[in-house]
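Enquirer: Structure, please.
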Amino acid sequence: MAKGEIIIDENKCRGCGYCVLFCKQGCIVMSEDRFTPLGYLLPVVSHPDKCNACGICGMMCPHYAVEVYKFI
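Expert: Alright, predicted model coming up:
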C-alpha cells in the first residue's frame, strides 16, 4: 500500500476544514490552539501513518493550501 505525506501551507490556509471533512483515513484534524498568520484555526496532520496518499484533501482545498506526496 502506498504511503503519503501531507503538507499544509499555513500562509494559504483559511481554516475551512474541507481537508478534515474529506479525509476518509482521519489523518487531519482541526487544531484547537494553532492559528494561521491570518488568524484562522489551522488543520494539522494528526495521524500521518494512516495516510494512503489518495490526495482528496488536496483536491478539496479551495485555497490550494494542501499538498500530498505519494511514497511507494
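Enquirer: what's next to stretch 26-37, contact-wise?
Expert: Contact partners of stretch 26-37, identified using Cβ atoms under 8 Å, 6 or more residues apart in numbering, comprise 6, 8, 10-11, 13-15, 17, 19-20, 41-48, 50-51, 57. Where C-beta positions appear, they are placed from N, C-alpha and C, glycine not excepted.
Enquirer: try stretch 3-11
Expert: Stretch 3-11 is contacted from outside by 19, 27-28, 36-37, 42-45, 48-49, 51-55, 57-58, 64-71, using Cβ under 8 Å, 6+ apart.
Enquirer: ok, now stretch 39-46?
Expert: Against stretch 39-46 from outside (Cβ under 8 Å, 6+ apart): 6, 8, 10, 13-15, 17, 19-20, 26-32, 34-36, 51.
Enquirer: so where's this protein shaky on pLDDT?
Expert: Filtered on pLDDT under 70, the chain yields the residue ranges 1.
Enquirer: all helices of it, in order?
Expert: Using DSSP state H, the helices of the chain run over 18-22, 56-60.
Enquirer: what's the offset of the first one from the middle of its chain?
Expert: What that stands for is helix 18-22. Helix 18-22 sits 8 Å away from the centroid of its parent chain (Cα atoms, centre = their mean, to the nearest Å).
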